[in-house]
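Colleague: Requesting a structural model of the entry that follows:
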Amino acid sequence: MLEVPLYIPLAFAVMKLRGFLTVATVGVFLVLADLVQKLVIVPLVWVAPAWKERVLAAWQRWIAGNLIGMTRVVGGAKFELIPTIPSAPGVLVLMNHQSLLDIPIVVRSLSHGYPRIVTGKRYARGVPVVSRMLKLYEYPIVDPTGSMKQQFKMFRSVAHDPRVPIVVYPEGTRSRDGALLPFRRGVVDTLLRHRQWEVYLLTLDGTLPCGRLRDMLGGVDTVHCRVNLSGPFATPSDPREIASWLEEMEVRMRHNLTGLRRGAAYSMHGAEISRTEAIRLPERWRGSRRSSDRDERRIGNRRKSHGNERVG
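Modeller: Presented below is the predicted three-dimensional model:
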């Protein structure tokens, strides 16, 4: 049996090895998929336009499923059941932004088809699969250095032609600690002013180790992805109500994220430690079990009271 001083460094070494293997596997997969997209998918869509929607949906969902699968199988990440969003014109998905897994998760959450995802211009060049996909799927591109007039015009056209669900990350950037950032409302406000939408809030937590590729090198087996879906919510018909409506959506998403984190904390504190595991733990860790029991009871009480709260 390994002694504790050796067991812990070995566990970290294995975790980093799995992280490296995950990044290497994903990298090779994206390079090969980029070649297939360039040599097969793009020509197929061009010569058979009647098959375009089916081909694009199948290709994107296959890419997303494989990325999640590699993170799970190679890296040891855990994914709870991903809820299903109806795929239809006029559906707008607002999602918090934590990691590189956000896009695969929202793609797999749709009942069928594919979404158009509002994306930053920096991804338009140099990223295997993704850069070519932005043009192929006609993703709305946000250019911070571009003309605001042209940006608003582009988003008006998106609102008037919602052939597939639209996905927006209203925080505007990735959260470094997983907490919800204040909404940047320019894009969403423009979309809401030019049509009525059915809005779904997709909130996820537990994916911070996949924030960037360099983060993944440290290991992804601590990923425990939990996803919450709420909606649909009807959008206001009066433009004067849009600001307060967006505030309500931000509060709801923050509430959903808090619920996911409370559930994760409860599961962690409530985990039972077997006799064998207790022997392998240092004495100071075994001695803190009573305080863990108290924490568990406190969290359980908070969860009960939390269920009675109402979102403003």
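
Colleague: Okay, now the unreliable bits of the chain?
Modeller: 1-15, 162, 264-312 (pLDDT under 70).

Colleague: domain parsing for it?
Modeller: Here the domain parsing of the chain from automatic domain parsing is 4-266, 270-306.

Colleague: Just name the most buried of the ones you listed.
Modeller: Ranked by mean neighbour count under mean count of other Cβ atoms under 10 Å, the domains of the chain are led by domain 4-266, which reaches a mean of 17. No exception for glycine: its C-beta is placed from N, CA and C like everyone else's.

Colleague: all strands for this protein, in order.
Modeller: 78-79, 91-95, 116-117, 119-120, 141-142, 166-168, 198-205, 224-234 (DSSP state E).

Colleague: For those, give me CSV that also has distance to Trp46.
Modeller: Compiled in CSV, the strands of the chain are given as follows (distance: least, Cβ to Cβ, whole Å):
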stretch, distance to Trp46
strand 78-79, 35
strand 91-95, 27
strand 116-117, 19
strand 119-120, 22
strand 141-142, 21
strand 166-168, 24
strand 198-205, 32
strand 224-234, 35
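
Colleague: Next, report how far stretch 176-183 is displaced from the centre of its chain.
Modeller: Offset of stretch 176-183 from its chain centre (Cα atoms, centre = their mean, to the nearest Å): 13 Å.

Colleague: hmm, who's touching it?
Modeller: 96, 98, 170-173, 175, 205, 208, 211, 246, 249-250, 253-254, 257 (Cβ atoms under 8 Å, 6 or more residues apart in numbering).

Colleague: Cross those residues against helices and list the overlap.
Modeller: 246, 249-250, 253-254, 257 (DSSP state H).

Colleague: Check those residues against Leu229 and report the nearest one.
Modeller: Among these, Met253 lies closest to Leu229 (Cβ to Cβ), at 11.1 Å.

Colleague: Correct me if wrong: the closest one contacts Asn96.
Modeller: Yes: counting by Cβ atoms under 8 Å, Met253 touches Asn96, with 6.2 Å between them.

Colleague: what do those two both touch?
Modeller: 180, 203.

Colleague: Check the gap between Arg212 and Leu101 for me.
Modeller: To Leu101, Arg212 is 12 Å away according to Cβ to Cβ, to the nearest Å.

Colleague: Same question for Pro86.
Modeller: 22 Å.

Colleague: just Val45 next, same as before
Modeller: For Val45, the distance to Leu101 - Cβ to Cβ - is 26 Å.

Colleague: Equivalent analysis for Phe79, please.
Modeller: Counting by Cβ to Cβ - Phe79 and Leu101 are separated by 9 Å.

Colleague: got any residues that touch both of the two?
Modeller: Common contact partners of Phe79 and Leu101 (Cβ under 8 Å, 6+ apart): 68, 223, 225.

Colleague: my guess is the first one meets Pro104, correct?
Modeller: Meaning Ile68. Yes: if you go by Cβ under 8 Å, Ile68 and Pro104 touch, sitting 5.2 Å apart.

Colleague: Now do the same contact list for the nearest residue to Pro86 once chain neighbours are set aside.
Modeller: Spatial nearest neighbour of Pro86, excluding adjacent residues (Cβ to Cβ, 6 or more residues apart in numbering): Ser111 at 5.5 Å. When contacts are counted by Cβ under 8 Å, 6+ apart, Ser111 touches 84-87.

Colleague: Reformat these as CSV; add distance to Pro128.
Modeller: Listed next are the contacts of Ser111 as CSV, based on distance: Cβ to Cβ, whole Å:
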residue, distance to Pro128
Thr84, 29
Ile85, 27
Pro86, 31
Ser87, 26
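
Colleague: Would you mind checking which of these is nearest to Arg184?
Modeller: Nearest to Arg184, judged by Cβ to Cβ, of the contacts of Ser111 is Ile85 at 22.4 Å.

Colleague: looking at it, Pro115 is touching Val168, isn't it?
Modeller: No: Pro115 lies out of contact with Val168 (Cβ under 8 Å); the separation is 10.1 Å.

Colleague: Next, show the common contact partners of those two.
Modeller: The contact sets of Pro115 and Val168 overlap at Val93 (Cβ under 8 Å, 6+ apart).

Colleague: Arg261 versus Gln60, what's the distance?
Modeller: Noted for Gln60: a distance of 30 Å to Arg261, by Cβ to Cβ.

Colleague: now Ser109
Modeller: To Arg261, Ser109 is 20 Å away according to Cβ to Cβ.

Colleague: sorry, back to before: what is the nearest of the ones in helices among the contacts of stretch 176-183 to Val40?
Modeller: Taking the ones in helices among the contacts of stretch 176-183 together and measuring to Val40 by Cβ to Cβ, the closest member is Met253, at 38.3 Å.

Colleague: OK, contacts around that closest one?
Modeller: Listed by Cβ under 8 Å, 6+ apart, the contact partners of Met253 are 94, 96, 180, 201, 203.
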